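A.B. asks: Sequence first, predicted coordinates after that:
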Amino acid sequence: MKYICLGYYDKDKFESLPESERNAMFDACFEYDEHLRANGIWGIGEALQGPETALTLSWKNGKVLTTDGPYAETKEQLGGIGVLEARDMNHAVQLMSQHPALKYGTLWEIRPAGDMSEIMKASEQRRRQNIAR
C-alpha cells in the first residue's frame, strides 16, 4: 500500500545548523532514501521551496482567490513529500522512524494514500454517458 510522507521542519532551527551538520544531514537522508529505493520501498520524493514561494487557492463567491504563502501559519513548514510502499501503517512507521531527518528535527506525517480507482471508474462511466447523449 502507498503511504504519503510529509516532512515538516523548523526553518530557523535548520538555518542555525552549521553547514557541515546540514551537509551531514543531507548525506545521511539521501543515503537512506537510496536504500529504501533500492529495496523497492521508496517511490518518489520531492523537496519543496520555502513557504514564501507558496500560493494558496480558494473559492469564494464564485471566484478563485489567491493568497500568498501557505494556508496554515505554523512554526514548522512542509519541506518535502515522499511516497512509500509499505505493508501497513506499522511498517510505514517502522521505515520512517529510521529516517535520519528525524534526528535533525524533521517531523514526519504519514498518511495512507487514498484509493480513488472506483471513484475514477464511476466518473469515467458518467462522462462517457454524457458524451454519448
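C.D. replies: That came through fine.
A.B. asks: same for the helix or strand bottoming out on mean pLDDT in the chain, what does it pack against?
C.D. replies: Across the helices and strands of the chain, mean confidence by mean pLDDT, DSSP states H and E is lowest for strand 55-60: a mean of 86. The contact analysis (3 or more CB pairs under 8 Å, 6 or more residues apart in numbering; DSSP states H and E) places strand 55-60 against strand 63-68. All C-beta spots, glycine's among them, are computed from the backbone N, C-alpha and C.
A.B. asks: Name every strand pairing with the strand it packs on and say which way it goes.
C.D. replies: Sheet pairing of strand 63-68 (DSSP bridges) gives strand 55-60 (antiparallel).
A.B. asks: other SSEs contacting the longest helix anywhere in the chain?
C.D. replies: Using DSSP state H, we find that the single longest helix of the chain is helix 19-38. When contacts are defined as 3+ CB pairs under 8 Å, 6+ apart, helix 19-38 packs onto strand 42-47.
A.B. asks: which parts of the strand it packs on are buried?
C.D. replies: Using 16 or more other CB atoms under 10 Å as the test for burial, strand 42-47 gives 42-43, 45.
A.B. asks: can you check stretch 109-125 too?
C.D. replies: Ile110.
A.B. asks: Please name the residues that touch the residue nearest to Ala101 when sequence neighbours are not counted.
C.D. replies: Residue nearest to Ala101 in three dimensions, not counting chain neighbours: Cys29, with 5.1 Å by CB to CB, 6 or more residues apart in numbering. Neighbouring residues of Cys29 by CB atoms under 8 Å, 6 or more residues apart in numbering: 99-101.
A.B. asks: Alright, that wraps it up for me.
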